[in-house]
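Participant: Here's my sequence, what's the structure:
(4 chains)
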There are 2 protein chains.
Amino acid sequence: MTEAPARKRLTDAAIDAFAERGFHATTTRDISTRAGMSPAALYVHHASKEQLLYEVSSSGHIECLEMIRAAAATSADPVQRLANMQFAFTRYHATHTAGARVVQYEIAALTPEHRREVAGYRRDIERVYHEAITDGVEKGVFDVQDVPGVSLALISMAIDLVRWYQPQGARTPESLGRIHAQMALRSVGVTHEVAPEETPAD
Amino acid sequence: MTEAPARKRLTDAAIDAFAERGFHATTTRDISTRAGMSPAALYVHHASKEQLLYEVSSSGHIECLEMIRAAAATSADPVQRLANMQFAFTRYHATHTAGARVVQYEIAALTPEHRREVAGYRRDIERVYHEAITDGVEKGVFDVQDVPGVSLALISMAIDLVRWYQPQGARTPESLGRIHAQMALRSVGVTHEVAPEETPAD
DNA sequence: GTCTATAAGCAGATAGAC
DNA sequence: GTCTATCTGCTTATAGAC
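Facilitator: Numbers count the residues shown, from 1 in each chain, chains lettered A, B, ... in the order given. Have a look, this model is predicted:
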């Protein structure tokens, strides 16, 4: 159990600081102090405050995309797949609140080029939902008129909890995941109960 | 059609600036310039940048609370009421994106006292949903195990669209309202279709 | 790789003329 | 009530010693 390298200590500190106070309200001194370093040490490892945000934001987007793709690959049955996806997507946002808050709310602080890159990851995430719901409609088990509209609403349901969720509260990531999974199935017209298969959380 | 008073020009400019860039990234010079005034003019009408945020945030919270209470009063039938509420709540967030963004995402920038005040309005909004769903459960027309959990998820669905909604896009506030209203009914176990009654938008 | 010291600029807020 | 000018402090980022 050795101490984390300085570079990762800084990105971890940046995640917490950006999540708590927002990018613009966070000072580079705040980040370096949280990482146990002097203000100047930050610039040995990162070119600028925006670059630090970009690293946090892009790696967070990629992690989230891989997570939802893994969840979408857990079952060939549309009903079970959507339940697993909504459970995993919700649990992820409840367990990675700090990182997800930076991912979701600090896009405007990125440079235009960096913003374009992460916008691509976001479209990829929407596409996973879109395809899963389309699959269920085509197989005749889902009843949905507006597939993109329902996709966005299901994604919103999970993402918005990073705005208010607090780990010390009564709700666990798994309990929220089960509620949202049931609401997802009901939203696409599946009336019977299907328990989500809980893939191991990282 | 006379020009708006300086005070309102400033709060309107602050809503746009805070919504576009966030509280901390917005400068008082940005606000006063948008309102067509010099930097010093802002302080004739508002004590500080935080006071300006507080006025925007509290009036926005109160407006939203009154809107959802009005929607909850449109029908005594739990099914029709929930449909009307989710339609109105969604349409409101799509038509008041800028103000709602400040309301939802800039709470951390308020002083602790101001934050406590708006937290009360937020609980009131949740309570309106909570009571509407409880009413449907007690009358035997809704099937919901976790009433607060479903309430929060329905609220999240509408609120999160201020994160991504753009008026120039293809979706109208009304089309989003109808999708969300149907998803709300399905989420509480109502399987038949009920069109939301559209109260006039302000 | 870390530190101290500091440069250069911009922020919120105020003073005082008109 | 609006302006110009300015104060004061804090920000990002860099220089250079160890």
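
Participant: Only C-alpha atoms from now on, for both contacts and neighbour counts.
Facilitator: OK.

Participant: where does the residue in chain A that DNA strand D sits nearest to land on pLDDT?
Facilitator: Relative to DNA strand D, the nearest point of chain A is residue A:27 (3.3 Å; Cα to the nearest atom of the strand). At residue A:27, the model reports a pLDDT of 98.

Participant: what does chain A have sitting close to chain B?
Facilitator: Counting by Cα under 8 Å from any Cα of the partner chain, chain A comes close to chain B at A:21, A:24-25, A:105, A:108, A:146, A:149-150, A:153-154, A:156-161, A:163, A:176, A:179-180, A:182-184, A:186-187, A:189, A:191.

Participant: from those, which ones fall inside helices?
Facilitator: Members of the residues of chain A next to chain B lying in helices (criterion: DSSP state H): A:21, A:105, A:149-150, A:153-154, A:156-159, A:161, A:163, A:176, A:179-180, A:182-184, A:186-187.

Participant: Just the buried residues of those residues.
Facilitator: Buried by 16 or more other Cα atoms under 10 Å in any protein chain shown: A:105, A:149-150, A:153-154, A:156-159, A:161, A:163, A:176, A:179-180, A:182-184, A:186-187, out of those.

Participant: Can you pull the domain assignment for chain A?
Facilitator: Chain A resolves into domains spanning A:1-46, A:49-187 when parsed by automatic domain parsing.

Participant: Name the stretch among the ones you listed that sits most buried.
Facilitator: Per residue and on average, the most neighbours among the domains of chain A fall to domain A:49-187, with a mean of 19 (mean count of other Cα atoms under 10 Å in any protein chain shown).

Participant: Can you give the distance from that domain to the centre of its chain?
Facilitator: The chain centroid and the centroid of domain A:49-187 are separated by 6 Å, computed with Cα atoms, centre = their mean, to the nearest Å.

Participant: Would the helix of greatest length in chain A count as contacting DNA strand D?
Facilitator: Counting by DSSP H, the longest helix found in chain A is helix A:112-138. No: applying Cα under 7 Å from any atom of the strand, one finds helix A:112-138 separated from DNA strand D by no less than 15.0 Å.

Participant: what's that helix packed up against?
Facilitator: helix A:49-72, helix A:78-95, helix A:147-159 (3 or more Cα pairs under 8 Å, 6 or more residues apart in numbering or on different chains; DSSP states H and E).

Participant: is it possible to export the ones you listed to JSON lines including mean pLDDT and distance to residue A:4?
Facilitator: Output for the helices and strands packed on helix A:112-138, formatted as JSON lines (pLDDT from 0 to 100; distance: least, Cα to Cα, whole Å):
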{"stretch": "helix A:49-72", "mean pLDDT": "98", "distance to residue A:4": "16"}
{"stretch": "helix A:78-95", "mean pLDDT": "98", "distance to residue A:4": "21"}
{"stretch": "helix A:147-159", "mean pLDDT": "98", "distance to residue A:4": "29"}
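
Participant: Return the residues of chain A in contact with DNA strand C.
Facilitator: For chain A, the residues in contact with DNA strand C (Cα under 7 Å from any atom of the strand) are A:6, A:36, A:37, A:38, A:39, A:40, A:41, A:44, A:45.

Participant: picking that back up, which one of the domains of chain A lies nearest to residue B:68?
Facilitator: domain A:49-187 (18.9 Å; Cα to Cα).

Participant: start to end distance for the closest one?
Facilitator: Taking Cα to Cα, to the nearest Å, domain A:49-187 runs 42 Å from one end to the other.

Participant: for stretch A:101-117, same thing?
Facilitator: 18 Å.

Participant: for that stretch, what is the average pLDDT?
Facilitator: Averaged over stretch A:101-117, pLDDT sits at 98.

Participant: Confirm for me that residue A:52 is in contact with residue A:11.
Facilitator: Yes: if you go by Cα atoms under 8 Å, residue A:52 and residue A:11 touch, sitting 6.8 Å apart.

Participant: tell me the contacts of residue A:72?
Facilitator: With contact taken as Cα atoms under 8 Å, 6 or more residues apart in numbering or on different chains, residue A:72 is in contact with A:81, A:82, A:84, A:85, A:128, A:132.

Participant: Close to DNA strand D: what parts of chain A are there?
Facilitator: Counting by Cα under 7 Å from any atom of the strand, the residues of chain A near DNA strand D are A:24, A:26, A:27, A:28, A:29, A:39, A:40, A:43, A:47, A:48, A:49, A:50.

Participant: repeat that for 10 Å
Facilitator: Selection of chain A residues close to DNA strand D by Cα under 10 Å from any atom of the strand yields A:23-32, A:38-44, A:46-52.

Participant: Contacts for stretch A:73-84 next, please.
Facilitator: With Cα under 8 Å, 6+ apart as the contact definition, stretch A:73-84 has outside contacts at A:71-72, A:132-133, A:135-136, A:141, A:181-182, A:184-185, A:190, A:194-198.

Participant: same thing but at 7 Å, please
Facilitator: Applying Cα atoms under 7 Å, 6 or more residues apart in numbering or on different chains, the external contacts of stretch A:73-84 come out as A:71, A:72, A:132, A:135, A:136, A:181, A:184, A:185, A:194, A:196, A:197, A:198.
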